[in-house]
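Participant: generate a structure from the sequence data that follows.
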Amino acid sequence: MQTEFPNENGRTGIAKCRTGIRGLDEITGGGLPRGRPTLIGGAAGCGKTLLAMEFVVRGARDFDEPGVFMAFEESEEELIANVESLGFALGTLVEQNRILLDSVRIERGEIEETGEYDLGGLFVRLGSAIAEVGARRVALDGIDALFAALPSEAIVRAELRRLFRWLKDQGVTAVITGEQGEKTLTRHGLEEYVSDCVIFLDHRMTNQVATRRLRIVKYRGSRHGTNEYPILIDEAGFSVLPISSVNLSHRVSRERVSTGIPRLDAMLGGKGYYKGSSVLVSGTAGAGKSSIATAFADGVCRRGERCLFWSSEESPDQILRNMASIGFDLQPHIDRGLLVCHAVRPTLYGLENHLVSLHRLVESIRPAAVILDPITNFAAVGDTAEVKTMLTRIIDFLKGAGITALFTSLTQGSEPSQLEQTDEGVSSLIDTWLLLQMAQSVGERNRLLYVLKSRGMAHSNQVRELVLDSEGIHLADVYTESGEALTGAARIAQETRDQASNLAARKVHERARRVLELERRDLMARIQSLEAQLAGVDEDAAIAKAEEARLLAVASHDAAPMSHARGAD
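Facilitator: Purely as a prediction, here's the structure:
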């Protein structure tokens, strides 16, 4: 009886068996169908055996689910040796009776002698192995070998159906691998129809670089991803990189982080980039893209945060030497573990390998910022659509993790229409876009910078000259003359002319100020003289008034006795 469980929507779905394989559980919605067979098909070298082996090993090691691995093409010793290089202690798990390895050889001569073919003996052998270790997981690797010598397609079909039914009856979660047919997913073209889950692996060559892809062809009773997913096989085993989320549900921050260049911060609303945003610095060769990226990395490290610097063109030593010439000493950041430089040529391996490597570095380092310098070189190992898909996944992954990402991109041409586009086609995914270009005048080539866009913030629409010297990066005002921006020597000459003009203007103003000051002083002297005259007049008037009052008083005093002497009333 198949176990069922309520899924995230409250509905009943099939039970899942976690694989523990990075990315595979995510795109299968929780793992492979528990208690049912899963078919893994593909051509030689695509990773079928490793996927089956890792499913069994991780079950025994991580989920307490012992397993049986039955191989039809390799011996037990070969299997142990092959997976030891991937860090799986298969021999130890066998010794602990957590995994049982069994190698079954099917001799062509024996099949032809009897003329009949029956899997009854295999069922007994496999059933005994399952019982011996209490297996919950089973892998049958190279099932094609069981039927390689059979001319009758009817017998093959009948026995395959019987095998899959028997596995279901045992209640084990089974993984069966099979070689790809000419026009079918498997050699016999039946396995995919009787399997509950079918996974197809593809190994292809693009620009002389090998790449691997995984696709879930079907999954009965479960939602699952239907795209092609890049896969990687390295020292950590099997990895699947899911397509980036189409829901655009990542959270955003309103916190700002410095660009490392004070005046550039001022151009971006006075505070710099948004934390967790994506930044593109594009421009022609030598315009200063790596320098802008280094300034940002230096600022991140100075705040005590980690930064991953992924370089596709320069070695770490070359980066240290070159950036020291413009005032950035990055060695202390590296010594403190704050700056991690990862230098690799894109042509070393396929896009999916780079993608997985970036994921692992980010999970290991846990940086606050990631720099990819430049992204243009990825075009060497994939077409435009593949590179855009990869970069979209990177952008979504870093945004989801709240990591500020800065990418540099080389642009061709000098016309605005050529500069304001990228070969990678990711400009629409970018939050802040800085554009650098070279301007030629009076026999010089100088750098210009402006903010092409910066979502969610007020930003400058002014062009600045980008100046690199031994003390760092500076942004200077440009001068416009007859509609042309002046930089370098032309700007310095214009600054000299402006300084001379300003000096002459100051002299004129100083002369006028002195004349006005003299006039003011003359007026003040005249005012003081008039005030003195006014004070004298006021004093004389007061004296005259007092004298007049005295005379009136005397006259009034003398008049009274005279009137009495005359007998007046």
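Participant: what's the closest non-adjacent residue to Arg18?
Facilitator: Nearest residue to Arg18, sequence neighbours excluded (C-beta to C-beta, 6 or more residues apart in numbering): Gly31, at 4.1 Å. For every residue, glycine as well, the C-beta is placed using N, CA and C.
Participant: next, give phi and psi for the one you found.
Facilitator: With angles defined as degrees, to the nearest 10, Gly31 sits at phi 130, psi -170.
Participant: that one contacts Ile14, correct?
Facilitator: No - using C-beta atoms under 8 Å, Gly31 is not in contact with Ile14, being 10.4 Å away.
Participant: and for those two, which residues touch both?
Facilitator: None of the residues lies in contact with both Gly31 and Ile14 under the rule C-beta atoms under 8 Å, 6 or more residues apart in numbering.
Participant: show me what Leu308 is bridged to.
Facilitator: Beta-bridge pairing for Leu308 (DSSP bridges): Val340, Val370.
Participant: counting neighbours, what do you get for it?
Facilitator: 25 (other C-beta atoms under 10 Å).
Participant: low pLDDT regions in the stretch 151-300 of the chain?
Facilitator: Of all residues in the stretch 151-300 of the chain, those with pLDDT under 70 make up the ranges 151-153, 181-194, 205-210, 242-249.
Participant: quick one on the thing from earlier: spit out the contact partners of the residue nearest to Arg18.
Facilitator: For Gly31, counting by C-beta under 8 Å, 6+ apart, the contacting residues are Lys16, Cys17, Arg18, Thr19, Leu24, Asp25.
Participant: switch to 6 Å and redo it
Facilitator: Gly31 is in contact with Lys16, Cys17, Arg18, Thr19, Asp25, counting by C-beta atoms under 6 Å, 6 or more residues apart in numbering.
Participant: redo those residues as TSV? Include secondary structure, neighbour count and distance to Trp166.
Facilitator: Below are the contacts of Gly31 laid out as TSV (DSSP: H, G, I helix; E, B strand; the rest coil; neighbours: other C-beta atoms under 10 Å; distance: C-beta to C-beta, whole Å):
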residue	secondary structure	neighbour count	distance to Trp166
Lys16	strand	19	22
Cys17	strand	26	18
Arg18	coil	19	24
Thr19	coil	27	22
Asp25	helix	17	27
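Participant: please enumerate the helices of the stretch 351-500 of the chain.
Facilitator: Remark: helices assigned in the stretch 351-500 of the chain by DSSP state H, counting those that start in this stretch are 351-365, 384-400, 416-419, 488-565.
Participant: any idea which of the ones you listed has the lowest pLDDT on average?
Facilitator: Least confidently modelled of those is helix 416-419, at a mean of 53 by mean pLDDT.
Participant: list the buried residues for the helix or strand in which Val156 is found?
Facilitator: If you go by DSSP states H and E, Val156 is part of helix 153-170. Within helix 153-170, the residues that count as buried by 16 or more other C-beta atoms under 10 Å are Val156, Arg157, Glu159, Leu160, Leu163, Phe164, Trp166, Leu167, Lys168, Gln170.
Participant: the next helix or strand after that helix pairs with which strands, parallel or anti?
Facilitator: As assigned by DSSP H and E, the chain's next helix or strand after helix 153-170 is strand 173-179. Using DSSP bridges, strand 173-179 pairs in its sheet with strand 37-42 (parallel), strand 137-141 (parallel).
Participant: one step back: so the residue nearest to Arg18 versus Lys388, what's the distance?
Facilitator: Distance, Gly31 to Lys388, using C-beta to C-beta, to the nearest Å: 30 Å.
Participant: rewinding a little: the residue nearest to Arg18 and Arg137: what is the separation?
Facilitator: In this structure, Gly31 and Arg137 are 11 Å apart, going by C-beta to C-beta.
Participant: likewise for Phe378?
Facilitator: Distance, Phe378 to Arg137, by C-beta to C-beta: 38 Å.
Participant: likewise for Ala174?
Facilitator: From Ala174 to Arg137 the distance is 8 Å (C-beta to C-beta).
Participant: now do the strands in the stretch 1-150 of the chain.
Facilitator: Here the stretch 1-150 of the chain has its strands, by DSSP state E, counting those that start in this stretch, at 4-6, 12-14, 16-17, 32-33, 37-42, 67-71, 99-103, 137-141.
Participant: number of residues surrounding the closest residue to Leu39 other than its chain neighbours?
Facilitator: Distances taken as C-beta to C-beta, 6+ apart place Ser195 nearest to Leu39, at 3.8 Å, with adjacent residues excluded. By other C-beta under 10 Å, the residues close to Ser195 number 28.
Participant: looking at Phe378 and Arg137, which is more packed in?
Facilitator: More crowded of Phe378 and Arg137, by other C-beta under 10 Å: Arg137, with 27 against 21.
Participant: based on its surroundings, how many neighbours for the closest residue to that one other than its chain neighbours?
Facilitator: Spatially, and ignoring its direct neighbours in sequence, Arg137 is nearest to Gly67 (3.8 Å; C-beta to C-beta, 6+ apart). Using other C-beta under 10 Å, the number of residues around Gly67 comes to 31.
Participant: per-residue confidence at Gly67?
Facilitator: Reading off the model, Gly67 has pLDDT 94.
Participant: for it, which residues make a bridge with it?
Facilitator: Here Gly67, judged by DSSP bridges, has bridge partners Ile99, Arg137.
Participant: so it touches Gly134, yeah?
Facilitator: No - counting by C-beta atoms under 6 Å, Gly67 stays clear of Gly134, with 9.8 Å between them.
Participant: what is the neighbour count of Leu452?
Facilitator: Leu452 is flanked by 16 other residues according to other C-beta under 10 Å.
Participant: correct me, but it touches Leu435?
Facilitator: Yes - in terms of C-beta under 6 Å, Leu452 counts as a neighbour of Leu435; the distance is 4.7 Å.
Participant: mind checking how far the residue nearest to Arg18 is from Ser454?
Facilitator: Separation of Gly31 from Ser454 (C-beta to C-beta): 43 Å.
Participant: picking up where we left off before, hey, least reliable of the strands of the stretch 1-150 of the chain by pLDDT?
Facilitator: strand 4-6 has the lowest average pLDDT among the strands of the stretch 1-150 of the chain, namely a mean of 37.
Participant: looking at the strands of the stretch 1-150 of the chain, which is closest to Leu523?
Facilitator: strand 4-6 (97.6 Å; C-beta to C-beta).
Participant: measure stretch 128-142 end to end?
Facilitator: 20 Å (C-alpha to C-alpha, to the nearest Å).
Participant: buried ones in that stretch?
Facilitator: Buried, per 16+ other C-beta under 10 Å, within stretch 128-142: Ala129, Ile130, Val133, Ala135, Arg136, Arg137, Val138, Ala139, Leu140, Asp141, Gly142.
Participant: show me how far it is from its chain's centre.
Facilitator: 42 Å (C-alpha atoms, centre = their mean, to the nearest Å).
Participant: now the strands: where do they sit in the stretch 251-400 of the chain?
Facilitator: Under DSSP E, counting those that start in this stretch, the stretch 251-400 of the chain gives strands at 256-257, 273-274, 278-283, 307-311, 339-343, 369-373.
Participant: the third one pairs with which strands, parallel or anti?
Facilitator: Same thing as strand 278-283. Counting by DSSP bridges, the strands paired with strand 278-283 are strand 404-410 (parallel), strand 432-441 (parallel).
Participant: can you show me the CA trace of that strand as PDB?
Facilitator: What follows is strand 278-283, C-alpha atoms only, in PDB (Å, rounded to 0.1, in the frame of the first residue of the first chain):
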ATOM      1  CA  SER A 278      22.700  44.200  -8.600                       C
ATOM      2  CA  VAL A 279      25.100  46.700 -10.100                       C
ATOM      3  CA  LEU A 280      26.500  46.700 -13.700                       C
ATOM      4  CA  VAL A 281      29.600  48.700 -14.600                       C
ATOM      5  CA  SER A 282      30.100  48.600 -18.400                       C
ATOM      6  CA  GLY A 283      32.400  50.400 -20.700                       C
END
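Participant: for that strand, give me every contacting residue.
Facilitator: 273, 289, 292, 395, 405-409, 411, 422, 430-437.
Participant: how about the last one?
Facilitator: With C-beta under 6 Å, 6+ apart as the contact definition, strand 369-373 has outside contacts at 290, 293, 297, 300, 307-311, 398, 403-408.
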